[in-house]
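Colleague: what would the 3D arrangement of this be:
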Amino acid sequence: MGCSIFKCCKIRTDSKIALKEKQSSFVLINQDKKVVSEIAFDGCTEYSYSGKRCDFILYLKDLAKPSLVFIELKGNNLLKAIKQIEESIEYFNSFASEKKYAYSITSKSPISSSDIQNEKMRLRKKNIIFDTKNRLMEKNYNEH
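Modeller: Numbers count the residues shown, from 1 in each chain. Next comes the predicted model:
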């Protein structure tokens, strides 16, 4: 599996996979240069889906349990970012066995830290591991 099952997808084996939009960036540190499927979900007209979409999805299959990483690069509306991520996860629910991670990178601190903690707990109940950060988030491949 990999890009053969996804649309608007490309294989990446870079040691650092950077996704950027305006002032927000996500970097996946991939020191072992494992295969990562990068899906540009938002703006991809090849999906017959009209709901809200996150910007990118990374499929990490070279793990004990494959993972889908949903990424939304946003200005300052974290609640809208979470909605986009949740609807994207619903669309890809056929990958039920994969671990699901969701990250929102904002250019400004959008809501209070207690609200963020509540959202993290709510999403964890749906088996989604969520985190948010301002401007730049770096994650290691093996954290997933």
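Colleague: what bridges to residue 133?
Modeller: Residues in a beta bridge with residue 133, per DSSP bridges, are residue 105.
Colleague: burial check on it, number of neighbours?
Modeller: Counted with other C-beta atoms under 10 Å, the neighbours of residue 133 add up to 16. In short, each C-beta sits where N, CA and C put it, glycine included.
Colleague: what's the answer for residue 75, then?
Modeller: Counted with other C-beta under 10 Å, residue 75 comes out at 15.
Colleague: report the central residue of this structure.
Modeller: In the chain, the C-alpha nearest the mean C-alpha coordinate belongs to residue 70, at 1.8 Å (C-alpha atoms, centre = their mean).
Colleague: so how far is the helix or strand containing that one off the chain centroid?
Modeller: If you go by DSSP states H and E, residue 70 is part of strand 67-74. How far strand 67-74 lies from its chain's middle: 1 Å, per C-alpha atoms, centre = their mean, to the nearest Å.
Colleague: what's in contact with that strand?
Modeller: Identification of contacts with strand 67-74 by C-beta atoms under 8 Å, 6 or more residues apart in numbering yields 19-22, 24-26, 28, 54-60, 80-82, 84-85, 88-89, 92, 95, 98-107, 110, 139, 144.
Colleague: output the contacting helices and strands for the longest helix anywhere in the chain.
Modeller: Identified as the longest helix of the chain according to DSSP state H is helix 78-91. Identification of packing neighbours for helix 78-91 by 3 or more C-beta pairs under 8 Å, 6 or more residues apart in numbering; DSSP states H and E yields strand 67-74, strand 99-106, helix 113-124, strand 128-134.
Colleague: could you rerun that using 10 Å?
Modeller: If contacts are counted by 3 or more C-beta pairs under 10 Å, 6 or more residues apart in numbering; DSSP states H and E, helix 78-91 sits against strand 56-60, strand 67-74, strand 99-106, helix 113-124, strand 128-134.
Colleague: and the residue nearest to residue 120 when sequence neighbours are not counted, what is it in contact with?
Modeller: Nearest-residue entry for residue 120: residue 130, 5.2 Å, with adjacent residues in sequence omitted and distances by C-beta to C-beta, 6 or more residues apart in numbering. By C-beta atoms under 10 Å, 6 or more residues apart in numbering, the contact set of residue 130 is 70, 82, 85-86, 100-104, 116, 119-124.
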